[in-house]
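Visitor: predicted structure and sequence below. I'll ask about it afterward.
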Amino acid sequence: MTNLRIHDITWADLAAADIEREVAFYKALLGLEATKSPGGYFDLKADGKSVGGVMQLTEEMGDMPPVWSTYVAVENADATVEAVKAAGGMVLRDPFEIEIGGRIAVIADPTHGALCIYESPSEEIIGFQRFGETGAPCWFECMSTDLHATKSFLETVFGWTSSPLPPEMGGDQMEYYMVSNGDDGMVCGLMGMPDQMAGAPTHWANYYVVENNDAACEIVNANGGTVVAEPWDTLFGRMSAIADPGGARLMLCQMPEEQPQLTLWDSPRAHSQLGSTHDRT
């Protein structure tokens, strides 16, 4: 059983132009093994546990570049699509069935930030089996060109609640929101577009755990990737931004020895979503 819930972020995957090249890259970088399904989708695994996927870019995707996508679990994809429209968002692709069962749709907030939704075929939500460990995701973040428009949209569609980052954790230096799915667990962070990224569109970022960020960046360079932002230290770990050989961007996080305590979400689930060991099995 998993402990994934409706309106949690439950999956991330890469749309790639050259799957074999990217699978090899992420094996070198994160130690991930790839299992191919009959339909051609690759399940990325860390120690046998699913942590993401890779799929082939197709003609029907138009001129979409290689990109990592973020998925939110929903109870009913059709109803969520209608809620998206009512909240001023856009439906980029109507709900469709996928190989493992369930339905997916692609939506966007009013600032054009794309996000995927997933309706599971059963009460047990299919998604990450490992979280906050080496090779697995640990955090998700939306950077918006209109922070408050995106915040209002996400709260309306998913019922999320947002609280400002406390001043002692950097909230006095930037407007950043910790977004919660109910009273028992954060799902993501939300911030305005940083000055150094002026002109970039609204987008979601997926963070994956590495043991040593500096060493990981050397692996990126040695395997055809690009280090977009060199490692820097934060209260939540040592971060970097990289691009794989196809150009898709991913955030890397080296966990700190001790996680800062966020009293707004004083629960085991909340702290696990900031990266403590948490096996979703």
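Guide: Structure received.
Visitor: now do the helices in the stretch 151-281 of the chain.
Guide: Listed in chain order, the helices of the stretch 151-281 of the chain (DSSP state H, counting those that start in this stretch) span 213-222, 268-272.
Visitor: next, the buried residues of the first one.
Guide: Pointing back at helix 213-222 there. Neighbour-count burial for helix 213-222 flags N213, A216, C217, I219, V220 (criterion: 16 or more other C-beta atoms under 10 Å). For glycine as for every other residue, the C-beta is placed from the backbone atoms N, C-alpha and C.
Visitor: so for that helix, mean pLDDT?
Guide: What helix 213-222 shows for mean pLDDT is 98.
Visitor: just the last one next, same as before
Guide: Along helix 268-272, the predicted local confidence has a mean pLDDT of 37.
Visitor: please apply the same query to stretch 96-115.
Guide: For stretch 96-115, mean pLDDT is 96.
Visitor: so where is the stretch 101-250 of the chain shaky, pLDDT-wise?
Guide: 184 (pLDDT under 70).
Visitor: repeat that for 90
Guide: Where the stretch 101-250 of the chain drops to pLDDT under 90, the residues are 123-124, 167-174, 182-186, 194-199, 235.
Visitor: coming back round to it: nearest to V227, of the buried residues of helix 213-222?
Guide: Proximity to V227 was ranked across the buried residues of helix 213-222 by C-beta to C-beta; first place goes to C217, at 4.7 Å.
Visitor: that closest one: what's it in contact with?
Guide: Counting by C-beta atoms under 8 Å, 6 or more residues apart in numbering, C217 makes contact with V227, E230, P231, S240, I242, L252.
Visitor: correct me, but the fifth one touches L250?
Guide: Okay, so that is I242. Yes: I242 is in contact with L250 according to C-beta atoms under 8 Å; the separation is 5.7 Å.
Visitor: please point out which parts of stretch 38-52 sit buried.
Guide: The neighbour-count criterion (16+ other C-beta under 10 Å) identifies Y41, F42, D43, L44, K45, A46, K49, S50, V51, G52 as the buried residues of stretch 38-52.
Visitor: can you give me how far it is from the chain middle?
Guide: How far stretch 38-52 lies from its chain's middle: 16 Å, per C-alpha atoms, centre = their mean, to the nearest Å.
Visitor: stretch 166-177 now?
Guide: On the basis of C-alpha atoms, centre = their mean, stretch 166-177 sits 21 Å off its chain's mean C-alpha point.
Visitor: quickly find the element holding L4.
Guide: Here L4 sits in a region with no helix or strand, counting by DSSP states H and E.
Visitor: separation between it and V74?
Guide: 12 Å (C-beta to C-beta, to the nearest Å).
Visitor: who's more crowded, the two?
Guide: Using other C-beta atoms under 10 Å, the more surrounded residue of L4 and V74 is V74, with 26 against 19.
Visitor: re the thing from before, E123: which of the buried residues of helix 213-222 is nearest?
Guide: Distances from E123 to the buried residues of helix 213-222, taken by C-beta to C-beta, are shortest for A216, at 37.2 Å.
Visitor: residues in contact with that closest one?
Guide: Counting by C-beta under 8 Å, 6+ apart, A216 makes contact with L29, V210, S240, I242, L252, Q254.
Visitor: over to E22?
Guide: E22 neighbours (C-beta under 8 Å, 6+ apart): L14, A16, V54, P66, D244, P245, G246, A248.
Visitor: end to end, how far does stretch 52-72 reach?
Guide: Length of stretch 52-72, first residue to last, C-alpha to C-alpha, to the nearest Å: 13 Å.
Visitor: and the spatially closest residue to E119 that is not a sequence neighbour, backbone torsions?
Guide: Spatial nearest neighbour of E119, chain neighbours left out: A77 (4.1 Å); criterion: C-beta to C-beta, 6 or more residues apart in numbering. Phi and psi for A77, reported as degrees, to the nearest 10, are phi -60, psi -40.
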